[in-house]
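>>> sequence plus predicted model, see below.
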Amino acid sequence: MGIKTGDQYVESLRKLSPTVYIGGEKITSVVDSPFFATPIREMKKFYDWQSDPETKDDFTFHSPITNETVGFWTHLRQTPEELLAMVETMKRTNARHFCSMCMGIGLSVLWGVTWEIDRDKNTTYHANFRRFFEHLQKEDLRYCLGVMDPKGDRSLPPSRQPDPDLYLRVAEKRDDGIIVRGAKAHTSNGPITHYFFAMPCRAMGEDDADYCLSFAIPVDAPGISFITRPAPGPLAPKEFECPVSTRIGFTESLTVFDDVFIPWENVFMCGEWEYTQKLIGLFSPYVRFAKGTCTSARIDILAGTAALIAQANGVPGAGHVRSKITDMANASEIGYGCAIASVQKSVMHESGIPIPDNGIANAGLYHTRTRFAQFLGTLQEIAGGIVTTMPTEQEYSNPEIRPLIDKYFQASPLVTAEDRMRILYLIQELTASRWSGYLIASAICAGGTPETNRMEVARNYNLLEKMENVKAICGIN
């Protein structure tokens, strides 16, 4: 098949029956639940981009694995040029849609690591992974990526936790497969995907071998439960007051594995602790160049919004306002530029995938994500305190009082009161709502924290070389 439509995707979900708890109760159908209406609509949009004449060139590719056309989300990028095209597509798309669900980076990382394990240990992990990859591509399936464990006491490694289930682990090995127990946190959109795809979240030691685990399993496999946080938007559409979260939203789950059976053919790592450092080393540049691009695009949204509300308030030429918007533009370009540079400096892995420059990717993300959080406050400053005191959509929709709101919320004669209200409602959603909290957490914590970025930059920065350069300048032997 290769490519599904959005409607075919929804029908595929009806054939699955994951165990899902949301809104305080267990539900029987994600397709029919109001809690999943927005996330499913968003996923449908992604599927339909693959067939839309205006977008399909960006979201479809020829796969050398299946020799068929496949989508953006299951394509294995095998050249720096393909990674660059991914960066450009994400920058362009996310500046209007906030996110394009770039989960494919996890597949690329496992492609390289499983290849190394097979080469060194004569295992069949890479062959297993290639078959799974081919299945995803042929059926155009989606998966959720489970990387982060609950972790328990952060000062202790997995094997020394008081409760052994605080990292996902192998509880039993059998001739036909393994039994896994534990949980993964931060599982984005898990119940509305087809497969759960697990990876270790950290480098581990020999004592942690039972926790060095990667596999894929259908989301409705017996023993898997999704304890799900609803998307941060209204259940009933509020097109005026919630212009973003009415259309865009992702659920997040604590995914619990209660003695789940994984057949060996779906296992990609099981106990190879010495390769977890390599896995993290490959995952870091992939997730950071993608997240840096995404955050750059979101800063573009903030810059555009700031310029519009300055215009609506009648102060588009104010020096301090223009200066603040210029700061946003600089931060966006730095993040985007670092993403491009990290890809341009890629080195090819023996398995046939490009590995971006880790230091540059982390430096770019560190800068953009820390500035993004600051710019949310800047946007409130430019808009004014009215963002959190203005009438709600319900009042504005009341024909008796709407003329009064229009009268007293008119500012620049070049912008109608209604358009000014629309911009203010967007700022409210971006800076003072559940959606804004989700945005901040995504910017600061998703794909590792700013401190992780700092550590990676320090680890990859050749300070000794710089010291030798200065010694040469000073004439020191």
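Received, thanks. Residues are numbered from 1 along each chain as shown.
>>> centroid-nearest residue for this protein?
For the chain, the residue nearest the mean C-alpha position is residue 101 (5.6 Å; Cα atoms, centre = their mean).
>>> residue contacts, it?
43, 46, 73, 188, 189 (Cβ atoms under 8 Å, 6 or more residues apart in numbering). Using the backbone N, CA and C atoms, a C-beta is placed for each residue, glycine as well.
>>> ok, and the most crowded of those residues?
The most neighbours of any of the contacts of residue 101, using other Cβ atoms under 10 Å, belong to residue 189, which has 25 neighbours.
>>> about what we covered before: quick one: which of the contacts of residue 101 is nearest residue 24?
residue 189 (19.8 Å; Cβ to Cβ).
>>> how about the closest one, nearest residue that isn't a chain neighbour?
residue 250 (5.2 Å; Cβ to Cβ, 6 or more residues apart in numbering).
>>> quick one: that neighbour is in a strand?
No: Residue 250 is assigned coil when assessed by DSSP: H, G, I helix; E, B strand; the rest coil, not a strand.
>>> got phi/psi on it?
phi -130, psi 140 (degrees, to the nearest 10).
>>> swap in the one 4 residues further on?
Geometry field for residue 254 lists phi and psi as phi -90, psi 120, criterion degrees, to the nearest 10.
>>> can you list the weak-confidence ranges in the stretch 101-250 of the chain?
By pLDDT under 70, the low-scoring segments of the stretch 101-250 of the chain are 103-104.
>>> what about the strands in it?
143-146, 169-173, 177-188, 195-198, 213-218, 224-229 (DSSP state E, counting those that start in this stretch).
>>> looking at those, which is closest to residue 424?
Closest approach to residue 424 among these (Cβ to Cβ): strand 224-229, 27.4 Å.
>>> neighbours of the residue nearest to residue 189, how many?
When neighbours are counted by other Cβ under 10 Å, residue 250 comes out with 22.
>>> state the distance from it to residue 301.
17 Å (Cβ to Cβ, to the nearest Å).
>>> how about residue 289?
Taken as Cβ to Cβ, the span from residue 289 to residue 301 is 20 Å.
>>> between those two, which is the more surrounded one?
residue 289 (32 against 21).
>>> now name the helix or strand holding the more buried one.
Residue 289 belongs to helix 276-313 when assigned by DSSP states H and E.
>>> show me what that helix packs onto, helices and strands only.
helix 80-97, helix 104-121, helix 319-344, strand 354-355, helix 358-383, helix 417-431, helix 434-445, helix 450-460 (3 or more Cβ pairs under 8 Å, 6 or more residues apart in numbering; DSSP states H and E).
>>> can I get the ones you listed in TSV including mean neighbour count and distance to residue 59?
Shown next, in TSV, are the helices and strands packed on helix 276-313 (neighbours: other Cβ atoms under 10 Å; distance: least, Cβ to Cβ, whole Å):
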stretch	mean neighbour count	distance to residue 59
helix 80-97	19	7
helix 104-121	20	12
helix 319-344	19	19
strand 354-355	22	20
helix 358-383	22	23
helix 417-431	21	26
helix 434-445	18	22
helix 450-460	16	29
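>>> so can I have TSV of these showing distance to residue 254?
Listed next are the helices and strands packed on helix 276-313 as TSV, based on distance: least, Cβ to Cβ, whole Å:
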stretch	distance to residue 254
helix 80-97	26
helix 104-121	19
helix 319-344	30
strand 354-355	31
helix 358-383	24
helix 417-431	26
helix 434-445	15
helix 450-460	22
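>>> is it true that residue 221 touches residue 259?
No: if you go by Cβ atoms under 8 Å, residue 221 and residue 259 don't touch, sitting 11.0 Å apart.
>>> looking at these two, which one has more neighbours?
Shown here are residue 221 and residue 259; by other Cβ under 10 Å, residue 221 has more neighbours (16 against 11).
>>> grab the nearest non-local neighbour of that one.
Closest to residue 221 by Cβ to Cβ, 6+ apart is residue 260, at 5.8 Å.
>>> same question for residue 61.
Nearest non-adjacent residue to residue 61, counting by Cβ to Cβ, 6+ apart: residue 75, 4.4 Å away.
>>> surely that neighbour is within a strand?
No: Residue 75: not assigned to a strand; according to three-state DSSP it is coil.
>>> how about it, what does it touch?
Applying Cβ under 8 Å, 6+ apart, the residues contacting residue 75 are 61, 63, 82, 104, 137.
>>> and the residues you listed as JSON lines, adding distance to residue 319?
Output for these, formatted as JSON lines (distance: Cβ to Cβ, whole Å):
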{"residue": "61", "distance to residue 319": "47"}
{"residue": "63", "distance to residue 319": "53"}
{"residue": "82", "distance to residue 319": "43"}
{"residue": "104", "distance to residue 319": "44"}
{"residue": "137", "distance to residue 319": "53"}
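>>> so which of those is the closest to residue 314?
Nearest member of the contacts of residue 75 to residue 314, counting by Cβ to Cβ, is residue 104, at 45.4 Å.
>>> so residue 425 sits against residue 243, correct?
Yes: contact criterion Cβ under 8 Å: residue 425 and residue 243 qualify, at 6.4 Å.
>>> report the distance from stretch 204-223 to the chain centre.
Stretch 204-223 has its C-alpha centroid displaced from the chain centroid by 21 Å (Cα atoms, centre = their mean, to the nearest Å).
>>> tell me which residues in that stretch are buried?
Buried residues in stretch 204-223, defined by neighbour count with 16 or more other Cβ atoms under 10 Å: 204, 208-221.
>>> over to stretch 238-247?
So stretch 238-247, judged by 16+ other Cβ under 10 Å, has buried residues 238, 240, 241, 242, 243, 244, 245, 246, 247.
>>> and those, which is closest to residue 23?
Closest to residue 23, out of all of these and judged by Cβ to Cβ, is residue 245, at 16.3 Å.
>>> in space, what's closest to that closest one - neighbours in sequence excluded?
Residue 245's closest residue in space is residue 233 (Cβ to Cβ, 6+ apart), at 2.7 Å.
>>> cool, and residue 345?
That would be residue 357: by Cβ to Cβ, 6+ apart, it lies 4.0 Å from residue 345.
>>> which residues sit in contact with residue 410?
416, 417, 420.
>>> how far away is the residue lying closest to residue 375 once chain neighbours are set aside from residue 2?
In space, and not counting its chain neighbours, residue 375 is closest to residue 302: 5.0 Å by Cβ to Cβ, 6+ apart. Using Cβ to Cβ, one obtains 37 Å as the distance from residue 302 to residue 2.
>>> quick one, which of the two is more surrounded?
Remark: of residue 302 and residue 2, residue 302 carries more neighbours, 24 against 17, as counted by other Cβ under 10 Å.
>>> can you give me the pLDDT of that one?
Residue 302 carries a pLDDT score of 97 in this model.
>>> what's near enough to touch it?
328, 372, 375, 376, 378, 379, 430.
>>> returning to what we had before: from what I can see the residue nearest to residue 345 touches residue 339, true?
No: using Cβ under 8 Å, residue 357 makes no contact with residue 339, being 10.3 Å away.
>>> name the nearest residue to residue 332, ignoring sequence neighbours.
For residue 332, the spatially nearest residue (Cβ to Cβ, 6+ apart) is residue 299, at 4.2 Å.
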